[in-house]
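K.L.:
predicted model and sequence below, questions to follow.
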Amino acid sequence: MQPFLADLHIHSRHSRATSKGLTPRHLAAWGEIKGISVVATGDFTHPGWLAELKEALVPDDAGLLQLADPAGLATEIPWLPEARPTGRVRFMLSAEISSIYKRGGKVRKVHNLLYAPSFEAAERVNAKLAKIGNLTADGRPILGLDSRHLLELTLETDPLCFLVPAHIWTPWFSLFGSKSGFDSVEECFGSLSREIFALETGLSSDPEMNWTLSALDRFRLLSNSDAHSGEKLGRECNLFTGPASYTGILNALRGRPGETQFGGTVEFFPEEGKYHLDGHRDCGVVLEPAAAKALGGLCPKCGKPLTLGVLHRVLDLADRDTPLRPDGAPGFTSLVPLDELAGEVCGVGPKTGKVRTLLAVLLARFGSELAILRDVPAEELRRVSPGLAEAVTRMRQGKVARQAGFDGQFGRITVFSDEERRDLKAGRFLAAAPMARTAPREPKADDDTPAEPPPAATGRPLRAKRKGKDRGGQLLPIPDAPAKRRIMPATPTPAPPAGLTADQAQAAHTGARHVLVLAGPGTGKTHTLLARIRSLLDLGVAADKILAVTFTRRAAAQLRERLAREDGGSDIPRADTLHALALAALTEAGLPEPVLLAEKACERLFALANPELSGARRRTAWKELCLSRERLTPPEIRPEGLPGPQQYADRYAEGKREWNLMDFTDLLETWLDALRAGRCRPPWTHVLVDEVQDLTPLQLAVIAALAAREGTTLFAIGDPDQSIYGFRGASGRVAEALRGFWPDLATITLTENFRSAAPLLEFSAGVFPGRAALSSRAGTEIQAACEIQLYEAPTAAGEAAWVAERVAALLGGSSLTLTRDFSVNTLAPGDIAVLVRFSGLIPGLRAALDRAGLPVAVPEAEAFWNELRVRLLLGAAAVSLGIPTPDGQEIPPDIPERILAKGPLGLAAFLADIPPFDRLFWQGTAFRELVRAYDAHGGWAGLLGFVAGQNELEMAGARSEKVRIMSVHAAKGLEFAAVFLPALEDGLLPFAGSDFLSGKPGHLAGQMDEAEERRLFYVGLTRAKSRLYLSHAVRRELYGRKLMLKRSRFLDTLPLGGVRRLALTARTVTQAKQLGFFGEN
């Protein structure tokens, strides 16, 4: 069988730190020079590179790709004028994904290789991944996608797609990496582990090292170059025998019988890899694993954590004292790159002209680099260069000196001693030294001899048979009982205690009939609320007598989930929003279920009912009406004939009655009237209210009516300092309002924060001068990681770039060469949030994070097919086409096929005002988008297929982790390890209103509710657990206006003494501790 070599992991010029000359033609030329028959394309996820591949390559007849036009390849490598590449190299579509995500309370960073059998399959993979993250910024994209979900996505896309974990031992980004990996394949990939059949060992390990771990016996062990330039191709590669085809390679890696078989690997000496031993590059410290363990994994010079190398990690996980080659496993060959050997012979660097001249002669005579290193007899090499012949002979015999790499620094493999190199330079060495006897040859590339296997087991410890000197001392054997532990275990962030603090216990078990619990950020508000419910249940209160009112549907769902989990399937109390409760109560009372209007539809109806209002007058009148209803203040009545707020409200109400419609405020008003009149009798005797500070007077009146019956208790919990919905009618003065209903109101205050580091709490308390800070009960890891920075940028673009740079640092980057510059306490994308005052600030920040290749999520408009009535229409179309509807989905209306055949417009005429449809829906955005999509996709079948595909993409996107950019309002109730608050300028935060941004006249102070803006700022600050990054810009352009605003007045009350303050001038950069910035501590 004809053997061939394959290098199945490389990168394009679109990846970070790669040669800009990389093109498909350049790779084809270098592949032939190196002796590689099949080269991975790398980076098919990058749209630009994929387009270039499609233009330059065409399918062959074996499922691989070849150059469409190989003419002129010789010009690709100018310094090799005698080379005549013919274009016989084949390509295999590949990509590498950098997955950064959280699993088991730990940040995981794993690189995985994907392979696709065709351009079409690659495009389908890309379509799914593009929904998850940015594919255009880097050829190796960073995605917040769990490796298991990535594997699932890959397998679902095409049955011939497959995934191989990359460089599995590399500390920073790999399956078994000491910094952020797993302890087993099964731990990483779960139930899909059997779909992993091959592993890439990486430059710093070889198969022999992997043979000490029995769990890896079933896998094919691959080695690839991970080349970032053509010259690095083939430094590691794989030997196959048989025809070169996509399915042949796939089946060989699966271990299936066939013409193509896997024949082993061509390896680096593992000591040459960048992460073989332990060490700290900044301090020049390199250690053997035993020495690093004795030091507790800390650098003896600076005390910081060492980067634990591949050998250390192998020894940690190994369950064999000596390497044991699995049955049927092929062998391997260890080589030194030809330019390094030539450089040693010539006494110069490997990239010098002298070396290139020698290489040109060798390649012109013997054909390819790997043939020279592996196959050409030493006698023939001696005729060209006796020194090189001796170097190659010693390398083949394993007679090399090893200076191991560590902490990102490549190791060095040499074949001559210093004295021999001096003799070589003087021309004396080879005259005195006899030619070394040639060792038995490894398999040739042009015969079918398999690699000569080493003994199955040597009885000696790992690497004991390796010869030569090792920097840092003699490697130690694996202990008889290897310790199955990490050198530096991560400290998990403690959750609020399963028990209760004294204050929480007082609240949970209070005997007061009416109680208000003041719960600041991170004090365990939900924990306390659940404890109160549990206390009531323990006292024998029936679950159906307890009501928990939440501010949002999301909070209600989470509360129900936690109650169900704690009660193990027994009956749980009702938890819902006031609006959902009102709708259910009115329906149960026998009233016809109303057609509820969305907020935008309400405003449209108001405009239709009051046609003389337009523009700003209409928006102002609408806002005043909404606030007056929520605040229970009647609209102003003007004299007869003069329309005013009351008249506008009456017309709007009449429009709703005419069309049998209700808005959400109608729900509460109607329910409140029914409660007060006794038409609705609530069944609950214990009413609990979450986020009470955000309720409007109307909502509080409903709560009062629910708890008005004799013997009913009220338990309200919230924080007036986080009251941020005044624009919706909330007053924030919740204690005063509740005492108006219940003068006997008891108050309990929670003062211990379980979320944030102490310095961050002290800092945040400065928002309210004179206010005492909450005490921190956060864990030691959070306290140790605490960092607060304040950055002044010359422009908004500079500010956004700084945010992106800091986010990349917190994630640890995606490149092995970048990681060492950043903190070891790196985060997952979902740990980071960028919070802004309003949505207009999002685009510039998103663009900066996109350019940096970071996975980012921003609020998006709801897809039209998720609107209830659109779902019903699509369901009816699906039924008519014989497509089953999912369980639990709304029952679609019965519509004749002749009507469906007319499309959405025919449905509008047929259904008209039949509930739940109405004229506003047929005139609305969702229906108009349905009509456009129906036309664009050629009918119902095409549209349903499109929607199904989009839902699948949305599900994939929902499973990924991303850095979130959102408004401070949207972040309420959330927490993040790191929070960025950009655009801290007067007028932006505190926000002076849209008129200010559009340039309309008006005094800044008169257009804002400064107290509420201050509370909003406090909410933003207290979302952070340990890292807080504040920034403002001297200049920014917003909505077409150029602004030069002072920094936010809120910063003036904060204690900035312990904050690292950074600034970047427009032209001259002064540096203190961080490149590009000047700082003061």
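P.N.:
Yep, that arrived. Numbers count the residues shown, from 1 in each chain.

K.L.:
need the contact list for V870.
P.N.:
864, 926-927, 930 (Cβ atoms under 8 Å, 6 or more residues apart in numbering). The way it works is simple: take the backbone N, C-alpha and C, and place the C-beta from them, glycine included.

K.L.:
farthest pair within these?
P.N.:
Using Cβ to Cβ, the pair of the contacts of V870 lying farthest apart is F864 and F927, separated by 8.1 Å.

K.L.:
ok, the two, which is more surrounded?
P.N.:
More crowded of F864 and F927, by other Cβ atoms under 10 Å: F927, with 22 against 19.

K.L.:
that one: what secondary structure?
P.N.:
For F927, the assignment made with DSSP: H, G, I helix; E, B strand; the rest coil gives helix.

K.L.:
show the pLDDT at it.
P.N.:
Looking at F927, its pLDDT is 86.

K.L.:
hmm, back to that, out of the contacts of V870, which is nearest to E1037?
P.N.:
Nearest member of those to E1037, counting by Cβ to Cβ, is F864, at 32.2 Å.

K.L.:
hmm, the closest one is touching E929, no?
P.N.:
Yes: here F864 reaches E929: they are 3.9 Å apart, a contact under Cβ atoms under 8 Å.

K.L.:
how many other residues sit next to the closest residue in space to T265 that isn't next to it in sequence?
P.N.:
Of all residues not flanking T265 in the chain, S223 sits nearest, at 4.0 Å (Cβ to Cβ, 6 or more residues apart in numbering). Using other Cβ under 10 Å, S223 has 27 neighbouring residues.

K.L.:
tell me the pLDDT of S223.
P.N.:
pLDDT recorded at S223 is 95.

K.L.:
dihedrals phi and psi, the residue with the shortest distance to the centre of the chain?
P.N.:
For the chain, the residue nearest the mean C-alpha position is G144 (2.2 Å; Cα atoms, centre = their mean). G144 adopts backbone torsions of phi -90, psi 50, taken as degrees, to the nearest 10.

K.L.:
setting aside sequence neighbours, what's the nearest residue to it?
P.N.:
Excluding the flanking residues, the one nearest G144 by Cβ to Cβ, 6+ apart is E961, at 2.8 Å.

K.L.:
that neighbour contacts R108, doesn't it?
P.N.:
No: with contact defined as Cβ under 8 Å, E961 does not reach R108; the gap is 9.9 Å.

K.L.:
and for the two, which residues touch both?
P.N.:
What both E961 and R108 touch, as defined by Cβ under 8 Å, 6+ apart, is the set 100-102, 828.

K.L.:
okay, now the unreliable bits of the stretch 351-500 of the chain?
P.N.:
Along the stretch 351-500 of the chain, the parts satisfying pLDDT under 70 run over 426-498.

K.L.:
also the stretch 801-950 of the chain?
P.N.:
Across the stretch 801-950 of the chain (using pLDDT under 70), the flagged ranges come out as 813-825, 859-862, 882-892, 915, 918, 920, 948-950.

K.L.:
which stretches in it count as strands?
P.N.:
Under the criterion DSSP state E, counting those that start in this stretch, the stretch 801-950 of the chain contains strands at 832-836, 856-857.

K.L.:
can I get those strands in a markdown table with mean neighbour count and distance to L1043?
P.N.:
Output for the strands of the stretch 801-950 of the chain, formatted as a markdown table (neighbours: other Cβ atoms under 10 Å; distance: least, Cβ to Cβ, whole Å):
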| stretch | mean neighbour count | distance to L1043 |
| --- | --- | --- |
| strand 832-836 | 26 | 15 |
| strand 856-857 | 24 | 25 |
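
K.L.:
for R148, find the nearest of the ones you listed.
P.N.:
Nearest of the strands of the stretch 801-950 of the chain to R148, taken as Cβ to Cβ: strand 856-857 at 20.2 Å.

K.L.:
check which helices and strands the closest one sits against.
P.N.:
The helices and strands touching strand 856-857, judged by 3 or more Cβ pairs under 8 Å, 6 or more residues apart in numbering; DSSP states H and E, are helix 842-851, strand 963-967.

K.L.:
how about L424, secondary structure?
P.N.:
helix.

K.L.:
tell me which element the residue nearest to it when sequence neighbours are not counted falls in.
P.N.:
Leaving aside its sequence neighbours, L424 sits nearest to G387 (Cβ to Cβ, 6+ apart; 5.7 Å). Here G387 is covered by helix 386-397, with elements defined by DSSP states H and E.

K.L.:
what comes up buried for that helix?
P.N.:
Using 16 or more other Cβ atoms under 10 Å as the test for burial, helix 386-397 gives 386-396.

K.L.:
do the same with stretch 323-330
P.N.:
Buried residues in stretch 323-330, counting neighbours by 16+ other Cβ under 10 Å, are found at 323-325, 329-330.

K.L.:
with I10 as the reference, measure out to G35.
P.N.:
Going from G35 to I10 by Cβ to Cβ, to the nearest Å gives 15 Å.

K.L.:
meant to ask about L706, not that
P.N.:
Separation of L706 from I10 (Cβ to Cβ): 66 Å.

K.L.:
L668 too?
P.N.:
With distances taken as Cβ to Cβ, L668 is found 63 Å from I10.

K.L.:
L114 now?
P.N.:
To I10, L114 is 13 Å away according to Cβ to Cβ.

K.L.:
pretty sure L295 sits against P289.
P.N.:
No: here L295 lies out of contact with P289, judged by Cβ under 8 Å, at a distance of 10.9 Å.

K.L.:
neighbour-wise, which of the two wins?
P.N.:
Higher neighbour count among L295 and P289: P289, with 23 against 16, using other Cβ under 10 Å.

K.L.:
quick one: contacts for that one?
P.N.:
P289 makes contacts with 277-278, 308-309, 311-312, 315, 476, as judged by Cβ under 8 Å, 6+ apart.

K.L.:
picking up where we left off before, the more surrounded of G35 and I10?
P.N.:
Between G35 and I10, counting by other Cβ under 10 Å, I10 is the more crowded of the two (29 against 24).

K.L.:
so the more buried one sits against G230, correct?
P.N.:
No: applying Cβ under 8 Å, one finds I10 not in contact with G230, separated by 9.1 Å.

K.L.:
overlap in contacts of the two?
P.N.:
Residues within reach of I10 and of G230 at once, by Cβ under 8 Å, 6+ apart, are L27.

K.L.:
so the nearest residue to P982 once chain neighbours are set aside is in which element?
P.N.:
Leaving aside its chain neighbours, P982 sits nearest to S1031 (4.8 Å; criterion: Cβ to Cβ, 6+ apart). Under the criterion of DSSP H and E, S1031 resides in strand 1024-1038.

K.L.:
how big is the angle separating that strand from helix 842-851?
P.N.:
Counting by axes from the mean of the first three to the mean of the last three Cα atoms, to 10 degrees, strand 1024-1038 lies at 110 degrees to helix 842-851.

K.L.:
other SSEs contacting strand 1024-1038?
P.N.:
Checking 3+ Cβ pairs under 8 Å, 6+ apart, strand 1024-1038 ends up next to helix 758-765, helix 780-784, strand 787-795, helix 796-811, strand 976-981, strand 1041-1043.

K.L.:
still on that earlier bit, now do the contacts for the residue nearest to P982.
P.N.:
Contacts of S1031 (Cβ under 8 Å, 6+ apart): 790-793, 799, 802-803, 980-984.

K.L.:
please repeat the previous calculation with a cut-off of 6 Å.
P.N.:
S1031 is in contact with 791, 799, 982, counting by Cβ atoms under 6 Å, 6 or more residues apart in numbering.

K.L.:
relative to A793, how far out is the second one?
P.N.:
Per Cβ to Cβ, E799 is found 4 Å from A793.

K.L.:
what's the overlap in contacts for those two?
P.N.:
Taking Cβ under 6 Å, 6+ apart as the criterion, E799 and A793 both touch A1033.

K.L.:
buried set for stretch 540-554?
P.N.:
541, 546-551.
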